[in-house]
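S.K.: A structural model of the following input is requested.
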Amino acid sequence: MGAPEPRLWSAYRELTEKAVFTHLTHAFRPGQPHFPGFGDERRETPFDLDRSDGFTVYRYTLAGQWGTDVDPPARFVTGTRTLDRIPVEEMVLPLVVLDIAARVERDPDSTPALDDAASWEQRNGPVPSGSFVALRTGWSRRRPDPAAMANRDEAGPAAWEPARPPALVRPTARRRRTRPRRSRSGA
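M.R.: Coordinates of the predicted model:
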C-alpha cells in the first residue's frame, strides 16, 4: 500500500470538485479598447527564434490597470497597501459578487447602489469580514468594440464604469478591517 495522500491534495480536490470556474480574462492586443489616458499597448520582440537569436523574449508596455484587474486599497486610498504589501495569506478570501448586469443592460450608466449590497445581504447574510467584493456589470459583452466601451452619450463625453462606487464601501465599513500583517519572512 502506498503512502497516504497529502492533506493539501484532498483539500484541493474537495474544494474544486463542485466548483464553478469563471474565466475573466481577455487577450491583450494593440488597438484593444482602453481608457484614452493610457497609451496603446506596445509589443516588442528583442530576441526571436525566427531571427536566430536562440530564444524568444517579448516586451509588453501597457498600464497596470488595463482590463479586468484587482485593485489594491492604495489605488483609491492614500497611505493604504499596495499589492506587494498584501501577504499571500490574505489573497484567498470569501467572494461576494454584486451583479448589476441586467440593470446595466437597460441603462449603461448604471452604478451600484446601497440597495444592491443590502439585497445581496438579504439573500446571503452579512458580507463576511475580509471579503473580496466584486462587481459584475456585463461590460465585457461590449468588447472589443471601442465605441461600445466608451459609452458616449448625446453630448459626446465617454461615460466609463465608476471607479469607486459608494455601494462597495458600506458592507466593509461595518466590518473589522484587515490590518497589515508581517509575513513569515518579516517583510
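S.K.: what pLDDT does Pro94 get?
M.R.: pLDDT, Pro94: 85.
S.K.: my bad, Val127
M.R.: 88.
S.K.: could you give the number of residues near it?
M.R.: 20 (other C-beta atoms under 10 Å). Glycine gets a C-beta too; all of them are placed from N, C-alpha and C.
S.K.: now do Thr78
M.R.: 6.
S.K.: could you do Val57 as well?
M.R.: Val57, neighbours per other C-beta under 10 Å, totals 10.
S.K.: next one: phi and psi at it?
M.R.: phi -140, psi 130 (degrees, to the nearest 10).
S.K.: mean confidence (pLDDT) on stretch 48-65, please.
M.R.: 89.
S.K.: can you show me the strands along this structure?
M.R.: With DSSP state E as the criterion, the chain has strands at 42-47, 57-61, 95-99, 132-136.
S.K.: buried residues in the longest one, which are they?
M.R.: I take that to be strand 42-47. Buried residues in strand 42-47, counted by 16 or more other C-beta atoms under 10 Å: none are found.
S.K.: in TSV: the strands of the chain, plus distance to Arg152.
M.R.: Listed next are the strands of the chain as TSV, based on distance: least, C-beta to C-beta, whole Å:
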stretch	distance to Arg152
strand 42-47	26
strand 57-61	27
strand 95-99	25
strand 132-136	22
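S.K.: out of the ones you listed, which is closest to Gly2?
M.R.: When these are compared by C-beta to C-beta, strand 95-99 sits nearest Gly2, at 35.5 Å.
S.K.: strands paired with that closest one, and their directions?
M.R.: strand 132-136 (parallel) (DSSP bridges).
S.K.: which stretch among the strands of the chain comes nearest Ile86?
M.R.: Closest among those, using C-beta to C-beta: strand 132-136, at 11.2 Å.
S.K.: mind saving the C-alpha coords of the closest one as PDB?
M.R.: Extracted as PDB, the C-alpha positions of strand 132-136 are listed here (Å, rounded to 0.1, in the frame of the first residue of the first chain):
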ATOM      1  CA  PHE A 132     -13.400  40.300  -1.700                       C
ATOM      2  CA  VAL A 133     -16.300  42.200  -3.100                       C
ATOM      3  CA  ALA A 134     -16.500  42.000  -6.900                       C
ATOM      4  CA  LEU A 135     -18.900  43.900  -9.200                       C
ATOM      5  CA  ARG A 136     -20.400  42.200 -12.300                       C
END
